[in-house]
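Student: got a sequence here, can you build the structure:
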Amino acid sequence: MSEDRPFVLTVAGLDPSGGAGILADIKTFEQHKVTGFAVSTANTIQTENQFYEIQWTDLSFVIRSVETLLLHYKISVVKIGIVSSLHDLNRIISTIKMLSPTTKIVWDPVLRSTTKFEFINIGNHSDLSKLLSKIDLITPNYQEMKVLFPDFFLNDNFSQSEIQTNILLKGGHNPTEPGTDILFLKNEVLKLLPLEKICSEKHGSGCVLSSAIAANLALNQSISPACKSAKIYIENYLSSTKTLIGHHYV
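Tutor: So this is what the prediction gives:
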């Protein structure tokens, strides 16, 4: 194993089509020249077109897997994808923070599949707030933002309000500026404008974006440049084919 590559871990679901989940994350890690590890939170039956079924991995098995990797390797960043509950998410995050306090955490809050299968129900928002304070960055789309922060679209001062974590609001569903991502940091708000590329929808694009950010953070980029570099990567991915499965390259 190469000693000059940082270690990055994805804790997410297994999509057998390879367009999303840990397979997509590992492809992205390799293109960024970081060493990727993976722990599966669930097995799924799906294609790039349709989601059929999910079988969740027992939480104790997930935790033991994460513990084993953290005890054997200095993992710079953990990217988290689908989990079955806030309780499970909290257990995973608490394990990471206990064993490796300096490890950065990126959560891609995949709340439901494109076919409306619900992965996680955000119940108590006070519990959510406590969790978010332990995470370095979350990457919701507009629908997920509405669930996580119900007052976001009603509060014109949201950008100035106190937030528990850094937020990259993905612009795929931006109603006024399509393709423009908005990065909410502790003290500033940045717009990440799209490149002039012909992009087409891709299965798992959110997974690819968040894992690209995680890789960039492991390469010692701060959050803002990590997100900017990842945006270039994802737009190359979105423009690579006309199908729902893209090609990975830097």
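
Student: direction included, what does the biggest strand by length in the chain pair up with?
Tutor: What stands out as the longest strand in the chain, according to DSSP state E, is strand 35-46. The partner list of strand 35-46 in its sheet, established with DSSP bridges, is strand 7-14 (parallel), strand 51-56 (antiparallel).

Student: the most centrally placed residue in the chain and residue 209, how far apart?
Tutor: Per CA atoms, centre = their mean, the C-alpha nearest to the average position across the chain is that of residue 108, at 2.8 Å. Distance of residue 108 to residue 209, computed by CB to CB, to the nearest Å: 8 Å. Bear in mind the C-beta positions are built from the backbone N, C-alpha and C, glycine included.

Student: quick check: neighbours shared by the two?
Tutor: Counting by CB atoms under 8 Å, 6 or more residues apart in numbering, the contacts common to residue 108 and residue 209 are residue 139.

Student: who's in contact with residue 198?
Tutor: Counting by CB under 8 Å, 6+ apart, residue 198 makes contact with residue 239.

Student: please renumber the chain so that the first residue is 267 from this point on.
Tutor: Got it, the first residue is 267 from now on, which makes the last one we talked about residue 464.

Student: which parts of the chain are helices?
Tutor: Applying DSSP state H to the chain gives helices spanning 287-297, 325-338, 352-365, 391-398, 408-414, 471-484, 489-504.

Student: can you list those helices in TSV and add mean pLDDT?
Tutor: What follows is these, written out as TSV (pLDDT from 0 to 100):
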stretch	mean pLDDT
helix 287-297	98
helix 325-338	98
helix 352-365	96
helix 391-398	81
helix 408-414	88
helix 471-484	97
helix 489-504	96
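
Student: which among the ones you listed is found nearest to residue 319?
Tutor: Nearest to residue 319, of all these, is helix 287-297, at 14.0 Å by CB to CB.

Student: what is that closest one packed up against?
Tutor: Using 3 or more CB pairs under 8 Å, 6 or more residues apart in numbering; DSSP states H and E, the elements in contact with helix 287-297 are strand 273-280, strand 301-312, helix 471-484.

Student: turn those into CSV, including mean neighbour count and distance to residue 394.
Tutor: Rendered in CSV, the data for these read as follows (neighbours: other CB atoms under 10 Å; distance: least, CB to CB, whole Å):
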stretch, mean neighbour count, distance to residue 394
strand 273-280, 27, 18
strand 301-312, 20, 18
helix 471-484, 28, 18
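
Student: kindly reformat these as JSON lines containing distance to residue 324.
Tutor: Shown next, in JSON lines, are the helices and strands packed on helix 287-297 (distance: least, CB to CB, whole Å):
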{"stretch": "strand 273-280", "distance to residue 324": "14"}
{"stretch": "strand 301-312", "distance to residue 324": "10"}
{"stretch": "helix 471-484", "distance to residue 324": "22"}
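
Student: out of the helices of the chain, flag the one nearest residue 453.
Tutor: Closest approach to residue 453 among these (CB to CB): helix 489-504, 11.5 Å.
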